[in-house]
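this one's sequence-less:
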């Protein structure tokens, strides 16, 4: 199905999407449901959301570089 130099990228972005869902949906929902008191829990939630976004960004860069490299190799070998 795939040549030796090509890699499937169908599931590699799943982790990135999951981190973004946690950052933008799950953590704010937990804050609303739990009704936190004080600035400590809000600060912790913002920090966790930021960490999830940064990890998602890094993983997206890593996976997109792998995808582009496999496409470049395929085009280079076709010539």
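Arrived safely, thanks for sending. On a predicted model such as this, the values are computed, not experimentally measured, just so you know.

Give me the neighbour count for residue 62.
Residue crowding around residue 62 was assessed by other C-beta atoms under 10 Å; the count is 12. Every C-beta, even on glycine, is put in place using the N, C-alpha and C of the backbone.

Figure out the helix or strand that it lives in.
Using DSSP states H and E, residue 62 sits in helix 39-78.

could you give me the average pLDDT of that helix?
The pLDDT scores in helix 39-78 average 77.

burial count for residue 27?
Neighbour count for residue 27, taken as other C-beta under 10 Å: 18.

ditto for residue 18
Neighbour count of residue 18, defined by other C-beta under 10 Å: 14.

ok, and it, which helix or strand is that part of?
Using DSSP H and E, residue 18 maps to helix 14-21.

List the buried residues for that helix?
By 16 or more other C-beta atoms under 10 Å, the buried positions in helix 14-21 come out as 16, 19, 20.

For it, which outside residues touch it?
The contact list for helix 14-21 (C-beta atoms under 8 Å, 6 or more residues apart in numbering) reads 52, 53, 55, 56, 59, 60, 63.

rerun at 7 Å
Contact partners of helix 14-21, identified using C-beta atoms under 7 Å, 6 or more residues apart in numbering, comprise 52, 55, 56, 59, 60.

Now do the same contact list for the third one.
Right, the one you point to is residue 56. By C-beta under 7 Å, 6+ apart, the contact set of residue 56 is 16, 19, 20.

Residue 39 versus the second one, what's the distance?
Yep, that's residue 19 we're talking about. In this view, residue 19 and residue 39 are 25 Å apart by C-beta to C-beta, to the nearest Å.
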